[in-house]
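Visitor: Fold the following.
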Amino acid sequence: MPNKVVVGVDGSEPSRAALEWAAAAARALDVRLHAVTVWEYPSGMVLPFAPPSVSSREMEEHATRDLAAFVKFTLGEATEAEITATTGSPAGALLESVSSDSLLVVGSRGRGGFRSLVLGSVSSECVEHAPCPVVVVRTGEPLPGAGPVVVGVDLGEDSAVALDWATGLDGALGAGVIAVHAWRPPMAEMRQARIDELRRETVTALEEWVAGRWPGVESAEVDGDARSALQDYVEDVEPSLLVLGRRGVGGLAPLRLGSVASYLVAHSPSAVAVVPGRS
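Guide: This next block holds a predicted model:
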């Protein structure tokens with residue numbers, strides 16, 4: 001489990017939702033909360049070939065004060081958080097703030113703060129390159145532990161890593177874990193009896209795979225393309241978190257979890273955690 005929760009903050013409503021989610025996760029896991037913001041000189045502030053009227057140290061101090069005020073206003077005076085205001089690439093700053101033992105939380109999209117950035121591009125870069133699990137949060141989503149943790153699995157190694165991480169997280173959240181496998185018949189022109197037989201085999205393999213390594217975890221099989229099937233399942237179940245492996249090929253219905261994760265980060269109605277595979 002993570003030794004700290006890092007959250008990107010830019011002053012927008014999506015980043016406020018990310019901050020609230022990250023703080024709740026840090027409390028449940030009993031680890032440090034670290035809020036990071038990125039600043040730059042406003043475009044109209046510096047004339048060509050002229051020195052800036054405000055020094056970088058002053059800008060950093062101003063950004064730090066604003067971030068601290070934003071954290072206290074959002075979470076309350078009693079919340080303790082490490083504060084970092086830096087300049088440069090937003091995604092780069094967040095990636096430099098984490099290690100493989102961290103949890104990184106970002107808003108799905110947003111404009112505001114010193115960088116006036118679109119967190120959609122930042123979240124995509126973090127999901128793709130972070131050495132640790134990344135949670136992408138949308139405004140209005142339930143906090144950690146408010147619902148079960150759903151894990152999309154293909155019975156491959158990356159989804160096993162994701163399920164390991166999810167069960168460890170649930171040790172702190174206590175909301176339960178559901179391993180969900182999306183299945184489609186391999187051929188369109190197939191007798192219904194054979195399709196039913198393959199579906200039974202899929203369900204049996206899924207149940208045995210889950211029970212063998214994660215006793216107590218519920219399993220479920222859904223029909224259809226993994227992207228739309230998992231999205232529909234999440235809309236019905238309303239979990240507090242959907243967990244996916246960053247990439248993976250394997251299992252009974254081979255699929256590239258990279259494309260599935262990319263789609264669901266953009267379209268899932270719940271918060272999405274993307275877990276990197278073992279290096």
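Visitor: Give the helix, strand or coil label for the residue nearest to E218 when sequence neighbours are not counted.
Guide: Excluding the flanking residues, the one nearest E218 by CB to CB, 6 or more residues apart in numbering is I178, at 4.6 Å. The C-beta positions use only the backbone N, C-alpha and C, and glycine is treated the same way. Classification of I178 using DSSP: H, G, I helix; E, B strand; the rest coil returns strand.
Visitor: any idea how far L230 is from I178?
Guide: From I178 across to L230, the span is 11 Å (CB to CB, to the nearest Å).
Visitor: Next, show the common contact partners of those two.
Guide: Common neighbours of I178 and L230 are listed as V150 (criterion: CB atoms under 8 Å, 6 or more residues apart in numbering).
Visitor: more crowded one of the two?
Guide: Ranked by neighbour count (other CB atoms under 10 Å), I178 and L230 place L230 first, with 26 against 18.
Visitor: ranges for the helices of the stretch 1-150 of the chain?
Guide: Assigned by DSSP state H, counting those that start in this stretch, the helices in the stretch 1-150 of the chain fall at 13-29, 56-75, 90-96, 119-129.
Visitor: Same list (these) but as TSV, adding distance to V137.
Guide: Formatted as TSV, those follow (distance: least, CB to CB, whole Å):
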stretch	distance to V137
helix 13-29	4
helix 56-75	13
helix 90-96	14
helix 119-129	9
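Visitor: Figure out which of those helices is closest to V106.
Guide: V106 lies closest to helix 119-129 among these, at 4.6 Å (CB to CB).
Visitor: Deepest in the core, which of the helices of the stretch 1-150 of the chain is it.
Guide: Most buried of the helices of the stretch 1-150 of the chain by mean neighbour count (mean count of other CB atoms under 10 Å) is helix 13-29; its value is a mean of 23.
Visitor: Who are the packing partners of that one?
Guide: strand 4-8, strand 32-39, helix 56-75, strand 102-107, strand 134-137, helix 157-173 (3 or more CB pairs under 8 Å, 6 or more residues apart in numbering; DSSP states H and E).
Visitor: Export the fifth one to PDB, keeping only CA atoms.
Guide: Presented in PDB, the C-alpha positions along strand 134-137 are these (Å, rounded to 0.1, in the frame of the first residue of the first chain):
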ATOM      1  CA  VAL A 134      -2.900   6.900 -10.600                       C
ATOM      2  CA  VAL A 135      -6.500   7.700  -9.700                       C
ATOM      3  CA  VAL A 136      -8.500  10.000 -12.000                       C
ATOM      4  CA  VAL A 137     -11.400  11.700 -10.200                       C
END
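Visitor: give me the low-pLDDT residue ranges for the stretch 101-250 of the chain?
Guide: Residue ranges of the stretch 101-250 of the chain with pLDDT under 70: 109-120, 187-188, 248-250.
Visitor: Domain ranges for the chain, per the record?
Guide: Following automatic domain parsing, one finds the domains of the chain at 4-137, 149-275.
Visitor: Save the ones you listed as JSON lines, and put in distance to L143 too.
Guide: Shown next, in JSON lines, are these (distance: least, CB to CB, whole Å):
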{"stretch": "domain 4-137", "distance to L143": "4"}
{"stretch": "domain 149-275", "distance to L143": "7"}
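Visitor: Which of the helices of the stretch 1-150 of the chain sits closest to M190?
Guide: Closest approach to M190 among the helices of the stretch 1-150 of the chain (CB to CB): helix 119-129, 36.0 Å.
Visitor: Pull the residues that contact that closest one.
Guide: 8, 10, 12, 14-15, 90-91, 94-95, 104, 106-110, 134, 136, 246, 261-262, 265-266, 274.
Visitor: Thanks a lot, catch you later.
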